[in-house]
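Visitor: Provide a 3D model corresponding to the input given below.
(one chain, ligands or ions: 1)
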Amino acid sequence: MTIIERNANGLKYYQFAAFSELGIPHGFFTRHGGVSPKPFDSLNMATTVGDSNENVLENLARMFAVFELDLATRYDGWQVHSGTVTCVAKPRDVRARAMRTDALITDRPDVTLVMRFGDCVPVLIADPVRRVAAVYHAGWPGTVKKIGANVVETMKTVYGSDPGNLIAAIGPSIGPDHFEVKEDVAGQLRAAFPSNRNQIESVDDSGRILFDLWNANRLTLENCGVDPKRIDVAGICTVCRKDDWFSHRGDRGKTGRFGVLISLDGMK
Ligand SMILES: [Zn+2]
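Guide: Down below sits the predicted model:
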């Protein structure tokens, strides 16, 4: 197994071995160990779902404390299902409104990248040679827009990364068993992956169209030159495992968002 369950201070989170071996602080945090009440119980990271700012701030502080990272180093975006990539050079001024973006990249150890999820695909990338870290948000719109390709291209042009050196982790999110789509969404996904239809689409016994966002995002990275052996997939479906994860579909919209964090502080 390339994914490792960890527990600290009542928080349960997952790491990927390839990132841990490099000493990169990172985690996909389950819903356990926070202070938020139902239906945000309990480690909810989003203020946009109806939870209080105080609860979310305490939950964020608990997530950062796991890695002894300073909460003031955080940079988070306003996730809008775009293909937009943001290069981050300093922590965010949290008094100002967050930028609309769905991918964050940094080469700065004094910046901690944070994003929020509740079924959409979270992806972490690191470049151990150029010492760069990225996180991005790929729901089906971001998958269609190939946000992963935008991230790899930006890592190449801005940070000098060679795609062959990158490691990638595709985290817990809605799985191919649960991601049912209607014809309009299916058409857009098919158009984005014209030569991989049988790797990403299936039809079940009752005629439901199911898509595999894990495979689609893996293919996007492979098509950019990322080594398939350096891409890990958690294989954890948030709808199947809503006991551990916030799931927009699994909880019919009344739920929180879980946190994903990456930092270069402490990288070997
Ligand atoms: Zn499932």
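Visitor: For the stretch 51-200 of the chain, which residues are neighbours of the ion?
Guide: Within reach of the ion by Cβ under 5 Å from the ion, the stretch 51-200 of the chain has these residues: G175, D177, H178. Just so you know, the C-beta spots here come from the backbone N, C-alpha and C atoms, and that holds for glycine as well.
Visitor: Of the residues you listed, just say which sits nearest to P39.
Guide: Distance to P39 across those (Cβ to Cβ) is lowest for H178, with 19.0 Å.
Visitor: Now that closest one. Nearest residue, chain neighbours left out?
Guide: In this structure, H178 finds its nearest non-sequential neighbour in V239, 4.1 Å apart by Cβ to Cβ, 6 or more residues apart in numbering.
Visitor: before we move on, what about S20?
Guide: I4 (6.8 Å).
Visitor: Likewise for L264?
Guide: P109 (4.5 Å).
Visitor: got the buried residues for stretch 83-97?
Guide: Residues G83, T84, V85, T86, C87, V88, P91, R92 are the ones in stretch 83-97 that count as buried (16 or more other Cβ atoms under 10 Å).
Visitor: that older thread, I figured the residue nearest to H178 hits S173, correct?
Guide: No: under the criterion of Cβ atoms under 8 Å, V239 makes no contact with S173, lying 9.3 Å away.
Visitor: picking that back up, list the contacts for the residue nearest to H178?
Guide: D119, I174, G175, H178, S247, R249, G250 (Cβ atoms under 8 Å, 6 or more residues apart in numbering).
Visitor: Apply 7 Å and report the result again.
Guide: I174, H178, S247, R249, G250 (Cβ atoms under 7 Å, 6 or more residues apart in numbering).
Visitor: of all those residues, which comes closest to L264?
Guide: I174 (29.1 Å).
Visitor: which ones are touching the residue nearest to the closest one when sequence neighbours are not counted?
Guide: If the residues on either side of it in the chain are set aside, I174 comes closest to D119, at 4.2 Å by Cβ to Cβ, 6+ apart. Counting by Cβ under 7 Å, 6+ apart, D119 makes contact with S173, I174, T238, S247, H248, R249.
Visitor: cutoff 10 Å now
Guide: 139-140, 172-175, 178-179, 213, 237-239, 242, 245-251, 255, 257 (Cβ atoms under 10 Å, 6 or more residues apart in numbering).
Visitor: Does it belong to a helix, a strand or coil?
Guide: coil (DSSP: H, G, I helix; E, B strand; the rest coil).
Visitor: got a pLDDT number for it?
Guide: At D119, the model reports a pLDDT of 97.
Visitor: and the gap between it and S202?
Guide: To S202, D119 is 18 Å away according to Cβ to Cβ, to the nearest Å.
Visitor: cool, D102 as well?
Guide: From D102 to S202 the distance is 26 Å (Cβ to Cβ).
Visitor: same check, this time on C120
Guide: C120 is 20 Å from S202, by Cβ to Cβ.
Visitor: repeat for S263
Guide: 37 Å.
Visitor: Looking at the two, which one has more neighbours?
Guide: S263 (24 against 14; other Cβ atoms under 10 Å).
Visitor: List the residues that contact that one.
Guide: Here S263 is in contact with 24-27, 64, 67, 69, 73-74, 106, 108-114, 133 (criterion: Cβ under 10 Å, 6+ apart).
Visitor: Quickly list what the residue most central in space within the chain is bridged to.
Guide: Closest to where the C-alpha atoms of the chain average out (Cα atoms, centre = their mean) is P122, at 1.8 Å. Residues in a beta bridge with P122, per DSSP bridges, are H137.
Visitor: Ok, I167 next?
Guide: Here I167, judged by DSSP bridges, has bridge partners A126.
Visitor: oh, and call the first residue 120 from now on, that's how I've got it
Guide: Okay, using 120 as the starting number, the last item reads as I286.
Visitor: Need the pLDDT of it.
Guide: As predicted, I286 sits at a pLDDT of 98.
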